[in-house]
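Chemist: next input, structure requested:
(one chain, ligands or ions: 1)
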Amino acid sequence: MLRWWRRDREKRDAEPERATPEPGRPFVREAERRLLARLLRRREELRYDLAQSEHALQPENRWTERLRELDAAIADVEHQRAQRAGAPARTGDPPLPAVPIAVTVEPERTAATVTLDIAGVALRWVEEVDWAERGHQLAPARLRRVEGNATEILRAVGYQAAPAALLETLEASLDLVAADALSAARREPIWSPLTLGDLARPCEQCGGWRDVRGRCPTCTARDWQRQQLLLERNRLRQERDEVFRDWQRARDRLPVIQRQLAEVEADIRQLQTKGVQPSGEG
Ligand SMILES: [Zn+2]
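Modeler: Now for the predicted structure:
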């Protein structure tokens, strides 16, 4: 339809308007020739719309096909959501022993140090000094661990092979505690004593481990995935509604298009009976 229109347009543009009637033919006003050209274009558009509406009334059409695809996609997402919701909570490992943590902070040194002593294992952090920021301690302390790790601690309390999730959580908690300890020493010297058991607690929801702030990375990741599935389902439902509405519109428009097409065709016949040739083609 578009190509048809363009071709017509190019021809018309290429050919200058004829102001004088051709010899032997009735005088035709240019306005009528243009009107006829417009009506012919409109007829093409309506024929296209008519074909779409008739297609929409077929039992199988592009809308029903798309709706089936979307229904299948929605069912798939719902299935994934149900699977995640129904996943039983795994029984976690026993909690870590309540071994006390001795915290030593030396905040006044050029580069502050934090030392944690857990079950005879020493862990030490040194502050990374950014000279540009010295004098005003607005930037959070950046501590670099220079000694000790979670594996050594776990070995000291009797773990021969610790699960990776426990090691990761413990490592993260150790760094958090060191940063908190330095911050407390500088700003608010209130410190609640911690034990090893506070650094990694079994997560009752997934059987993983919660860090010193009570956060479980496994649960966080699952929540995020659940959220993504929910967004995806909502998006699919919205598209389904739009496709359905578009289909209904195409079906409902059939009588309107038929009437408009009949009117346009009557107008075209009338002009052609008068001998009018469309502008750009005559
Ligand atoms: Zn969890």
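
Chemist: what sits closest to residue 78 if chain neighbours are left out?
Modeler: Leaving aside its sequence neighbours, residue 78 sits nearest to residue 233 (CB to CB, 6 or more residues apart in numbering; 6.6 Å). The C-beta positions use only the backbone N, C-alpha and C, and glycine is treated the same way.

Chemist: pretty sure the one you found is touching residue 71, no?
Modeler: No. Here residue 233 lies out of contact with residue 71, judged by CB atoms under 8 Å, at a distance of 11.9 Å.

Chemist: which helix or strand contains the residue nearest to residue 78?
Modeler: Taking DSSP states H and E as the definition, residue 233 sits inside helix 217-252.

Chemist: please work out the average pLDDT along that helix.
Modeler: For helix 217-252, the mean per-residue pLDDT is 95.

Chemist: that helix packs against which elements?
Modeler: helix 30-57, helix 62-86, helix 164-186 (3 or more CB pairs under 8 Å, 6 or more residues apart in numbering; DSSP states H and E).

Chemist: do that again at 10 Å, thanks
Modeler: The contact analysis (3 or more CB pairs under 10 Å, 6 or more residues apart in numbering; DSSP states H and E) places helix 217-252 against helix 30-57, helix 62-86, helix 164-186, strand 209-210.

Chemist: which is the next helix or strand following that helix?
Modeler: Taking DSSP H and E, what comes next after helix 217-252 is helix 254-273.

Chemist: if we can go back for a sec, residue 233 and residue 71: which is more packed in?
Modeler: Remark: of residue 233 and residue 71, residue 233 carries more neighbours, 18 against 12, as counted by other CB atoms under 10 Å.

Chemist: how close does the more buried one get to residue 38?
Modeler: 47 Å (CB to CB, to the nearest Å).

Chemist: how is this structure partitioned into domains?
Modeler: Following automatic domain parsing, one finds the domains of the chain at 2-84+234-273, 101-202.

Chemist: chain center to the first one: distance?
Modeler: Pointing back at domain 2-84+234-273 there. 34 Å (CA atoms, centre = their mean, to the nearest Å).

Chemist: which bits of this structure sit near the ion?
Modeler: 203, 205-206, 208, 216, 218-219 (CB under 5 Å from the ion).

Chemist: quick one: which of those residues has the most company?
Modeler: residue 208 leads these on contacts (other CB under 10 Å) with 24 neighbours.

Chemist: quick one, what contacts that one?
Modeler: 90, 92-93, 163, 165-166, 168-169, 200, 202, 216-222 (CB atoms under 10 Å, 6 or more residues apart in numbering).

Chemist: identify the residue spatially nearest to it, adjacent ones excluded.
Modeler: residue 218 (3.9 Å).

Chemist: okay, now the unreliable bits of this structure?
Modeler: Applying pLDDT under 70 to the chain flags residues 1-28, 87-90, 109, 130-141, 280-282.

Chemist: cutoff 80 now
Modeler: 1-28, 86-92, 108-110, 129-141, 188-190, 279-282 (pLDDT under 80).
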